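Novice: quick one: sequence plus predicted model below, questions after.
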Amino acid sequence: MLLDIFSGIVLDLRIKKDVITDNSPVLTELCIILEDIFTRGCRDTSWFNKTNYRYWTWIEKISQSGRYQPAFHMVIDTTCTDSGRGRLFIRSALSKKVLAVPVQQIVKDQQLLQEFYYSYNTVIGDEILSDLLLGGNIIEDNNELYICRNSDIPLTGAFRVTFHLKIHNSSFLDKTWELPIYKNFEFVPCGDLGLNVQQVQEYFIVKSIKPGSVAEEDGKIGPGDVIDELYSFALTPLSLPNVHKLMAKHKGLPVYVGVIKLCDRAGKYFPPIVRLLEEININPRNLQKEIVPDDKDNNNSDRKPGHAILPEEEDAERPVHAPDGSALYKATYLGNVDLGPDGRVNRIEDGVDLVLRNHKQVIEVLIDLREKDVIVSDATNNNKVILRQTYTEISACGRRTDLMKYFGYIAGETTCSLARNFLCHVF
């Protein structure tokens, strides 16, 4: 029985007190069970006995409830089909702890309930089963059945389970519950990343990478990967010319890219991307297989920059914002090293390593990311400014993949294209 399975999963999660992430084995099973509960007994308007995702339609109808509006708007903006929107809503509502809200509303509205659900072979359309779903227990008194409310299980019990899900990893939910590896990358300001991209259906596939380009130097993006976001804008609804316009609009700023990887951490291909590659006659086995390394530093290796964090993502990820809108980050300044005339991005690794070996200072600082420059001030000395660089002076920024707690940026004495001496500052 669906409710028995669902209740068992929720109770088990509550006992273990695990934080559920996209890597948790139980997540897919839980989401599939929830989807089955929402679709079971939903009045069928589809042909050929295909899975009926009409439950998204009634959720959309009652979306004016303020309690789950953020989850609703995220769904509308980033998915295309009813199946994808329903799945993303389930994930978003789990994270926001509002999954019970639409169910509570529809069971109170009998007209809406009868419009969308049969009264048999259903959970939500059945009075007793829907009460059980919302946390009720059946008790018997004098041969009569009563529903006793129990806030521990099952939907309301899910409130007490912590879900830390990457909600923006949603582009393939239209096709599968399986989640690909999703990475957020930051590149130095440039007019061309060096990616040869082809649009297949609504996806932007990387076919090749230009030698010597910014993307090639970093080695973060590989052939077969899907470019999913630019500057926190989902690319799915855009055409290729509009993507070029988006790049032009942000010219001179660091380039923030959301990437869906072709391979997972074990080197296994993500099947939906394989099918897209086959459409353009590319055999993924002919591409250089890139195995994504395990995330380190508490799974924070792909955090977005503060201004790129979406509303549905955790408040803890946000930086402190100054009155003028700039972003303030607390950090520890470890010092700098002279790199001479070489300010390329691959010198970040050398710079971090050299500073960690030889640093003699530890200064608690505030990093102030402003519209045109970066200001580093001493938090222990009345916020005295110790570093100030314009973005045009910064040639590279990043971290070592084996030392994720440390990061650095390389800056010249003038505009980086003219500079003759570069320093790597490490935090």
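Specialist: Cool, the structure landed.

Novice: C-alpha from now on. contacts and neighbour counts both.
Specialist: Will do.

Novice: could you measure residue 86 against residue 38, distance?
Specialist: To residue 38, residue 86 is 9 Å away according to CA to CA, to the nearest Å.

Novice: got it, and residue 365?
Specialist: The value you get for residue 365 to residue 38, if CA to CA is used, is 50 Å.

Novice: give me the below-cutoff pLDDT ranges for the stretch 101-250 of the chain.
Specialist: Applying pLDDT under 70 to the stretch 101-250 of the chain flags the ranges 135-159, 218.

Novice: can you list the residue ranges for strands in it?
Specialist: Ranges of strands in the stretch 101-250 of the chain, per DSSP state E, counting those that start in this stretch, are 136-141, 144-149, 162-164, 182-187, 195-200, 203-209, 226-230, 233-234.

Novice: same deal with the stretch 251-400 of the chain?
Specialist: Secondary structure of the stretch 251-400 of the chain by DSSP E, counting those that start in this stretch: the strands cover 255-260, 320-321, 327-333, 335-340, 363-369, 373-378, 384-390, 394-400.

Novice: got any residues that touch both of residue 86 and residue 38?
Specialist: Common contacts of residue 86 and residue 38, defined by CA atoms under 8 Å, 6 or more residues apart in numbering, comprise residue 55.

Novice: number of residues surrounding residue 93?
Specialist: If you count neighbours by other CA atoms under 10 Å, residue 93 ends up with 24.

Novice: wasn't it part of a strand?
Specialist: No: using DSSP: H, G, I helix; E, B strand; the rest coil, the assignment for residue 93 is helix, not a strand.

Novice: just give the nearest non-adjacent residue to it, would you?
Specialist: Nearest in space to residue 93, with sequence neighbours left out and distances taken as CA to CA, 6 or more residues apart in numbering, is residue 99 at 4.9 Å.

Novice: my read is that residue 421 contacts residue 393, right?
Specialist: No: Residue 421 lies out of contact with residue 393 (CA atoms under 8 Å); the separation is 10.9 Å.

Novice: could I get the strands of the stretch 101-250 of the chain in a markdown table, plus columns for mean neighbour count?
Specialist: Listed next are the strands of the stretch 101-250 of the chain as a markdown table, based on neighbours: other CA atoms under 10 Å:
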| stretch | mean neighbour count |
| --- | --- |
| strand 136-141 | 13 |
| strand 144-149 | 12 |
| strand 162-164 | 18 |
| strand 182-187 | 19 |
| strand 195-200 | 16 |
| strand 203-209 | 21 |
| strand 226-230 | 22 |
| strand 233-234 | 18 |
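
Novice: relative to residue 43, which of the ones you listed is closest?
Specialist: For the strands of the stretch 101-250 of the chain, the distance to residue 43 is smallest for strand 136-141, at 24.9 Å, taking CA to CA.

Novice: using CSV, write down the CA coordinates of the lengthiest strand in the chain.
Specialist: As assigned by DSSP state E, the longest strand anywhere in the chain is strand 403-412. Output in CSV follows, covering the C-alpha atoms of strand 403-412 (Å, rounded to 0.1, in the frame of the first residue of the first chain):
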residue,chain,number,x,y,z
LEU,A,403,42.0,22.3,-0.9
MET,A,404,38.4,23.6,-1.2
LYS,A,405,38.5,25.8,1.9
TYR,A,406,41.0,28.1,0.3
PHE,A,407,40.6,30.4,-2.6
GLY,A,408,42.6,33.1,-4.3
TYR,A,409,42.5,35.8,-7.0
ILE,A,410,45.3,37.1,-9.2
ALA,A,411,45.6,40.8,-9.8
GLY,A,412,48.0,43.0,-11.8
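
Novice: helices or strands next to it in the packing?
Specialist: Contact here means 3 or more CA pairs under 8 Å, 6 or more residues apart in numbering; DSSP states H and E; on that basis strand 403-412 packs against helix 347-358, strand 394-400, strand 422-426.

Novice: list of residues touching the first one?
Specialist: Residues outside helix 347-358 that contact it (CA under 8 Å, 6+ apart): 334-337, 339, 396-400, 406-410, 424-426.

Novice: what would the strands of the stretch 251-400 of the chain look like in a markdown table with distance to residue 103, mean neighbour count and mean pLDDT?
Specialist: Shown next, in a markdown table, are the strands of the stretch 251-400 of the chain (distance: least, CA to CA, whole Å; neighbours: other CA atoms under 10 Å; pLDDT from 0 to 100):
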| stretch | distance to residue 103 | mean neighbour count | mean pLDDT |
| --- | --- | --- | --- |
| strand 255-260 | 33 | 22 | 90 |
| strand 320-321 | 36 | 14 | 47 |
| strand 327-333 | 39 | 18 | 84 |
| strand 335-340 | 55 | 18 | 90 |
| strand 363-369 | 43 | 21 | 89 |
| strand 373-378 | 48 | 19 | 91 |
| strand 384-390 | 52 | 14 | 92 |
| strand 394-400 | 45 | 22 | 87 |
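
Novice: since that was my last question, I'll sign off now.
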